[in-house]
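# model the structure of this input:
(one chain, ligands or ions: 1)
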Amino acid sequence: MNKHIVKSFNLDHTKVAAPFIRLSDKIISPKGDIITKLDLRFTQPNKEFMDMPAMHTLEHLLATFLREGGKYKIIDLSPMGCQTGFYLTLFDDIDLREFKEFFIDCLNKVLSAEDIPGAEEKECGNYKSHSLQKAKEFAGKFIKGNIELI
Ligand SMILES: [Zn+2]
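Numbers count the residues shown, from 1 in each chain. Below is the predicted model of the structure:
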């Protein structure tokens, strides 16, 4: 097994300070498209974790707000199994500082959200597992943190 084939396994998780936005990978497709993968880390690895209802609600809200306005060509937002953040995959090369401002705007929308998009039984695979209040707590913590760009 080649564990080095997964780039994030090579990140020293003891040497990072959350919250941060990290350029995790940049991939050029066979047709020449640039695909950027970002690590949006909300909590300190191996110290603090988001509970599943909070992560699930953040996923629904951010998946919506990141796509609104069409500023970025979003491919996917994926929760990390370690419950410390999300991977965001998108087309094109991006300016991390500019993205940070955009992401803070998205998190501010989370803070003022009154409902959760796609959280009806027919739209979601675990519709009872949501917490808008806890999603707002983690969004607020991210905004107030010293957000590093790596
Ligand atoms: Zn869902």
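# any idea how far stretch 77-84 is from the chain center?
Relative to the centre of its chain, stretch 77-84 is centred 8 Å away, using Cα atoms, centre = their mean, to the nearest Å.
# who touches the longest helix anywhere in the chain?
Secondary structure of the chain per DSSP state H: the longest helix is helix 96-111. Identification of contacts with helix 96-111 by Cβ atoms under 8 Å, 6 or more residues apart in numbering yields 21, 23, 38, 40, 58, 61-62, 65-66, 71-72, 135-136, 139-140, 142-143, 147, 149. Glycine gets a C-beta too; all of them are placed from N, C-alpha and C.
# selection in PyMOL covering whichever of the residues you listed are buried, please.
Those of the contacts of helix 96-111 that count as buried under 16 or more other Cβ atoms under 10 Å are selected in PyMOL with:
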select buried, resi 21+38+40+58+61+62+65+66+72+135+136+139+142+147
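# coming back round to it: then the helix or strand following the longest helix of the chain to PDB, C-alphas only?
With elements assigned by DSSP states H and E, the helix or strand that comes after helix 96-111 is helix 132-144. Extracted in PDB, the C-alpha atoms of helix 132-144 (Å, rounded to 0.1, in the frame of the first residue of the first chain):
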ATOM      1  CA  LEU A 132     -28.300  25.000  12.900                       C
ATOM      2  CA  GLN A 133     -27.300  26.300  16.300                       C
ATOM      3  CA  LYS A 134     -24.100  24.300  16.500                       C
ATOM      4  CA  ALA A 135     -23.300  25.000  12.800                       C
ATOM      5  CA  LYS A 136     -23.500  28.700  13.700                       C
ATOM      6  CA  GLU A 137     -21.100  28.200  16.600                       C
ATOM      7  CA  PHE A 138     -18.400  26.600  14.400                       C
ATOM      8  CA  ALA A 139     -18.900  29.200  11.700                       C
ATOM      9  CA  GLY A 140     -18.500  32.000  14.300                       C
ATOM     10  CA  LYS A 141     -15.400  30.400  15.700                       C
ATOM     11  CA  PHE A 142     -13.800  30.200  12.200                       C
ATOM     12  CA  ILE A 143     -14.600  33.900  11.500                       C
ATOM     13  CA  LYS A 144     -13.200  35.000  14.900                       C
END
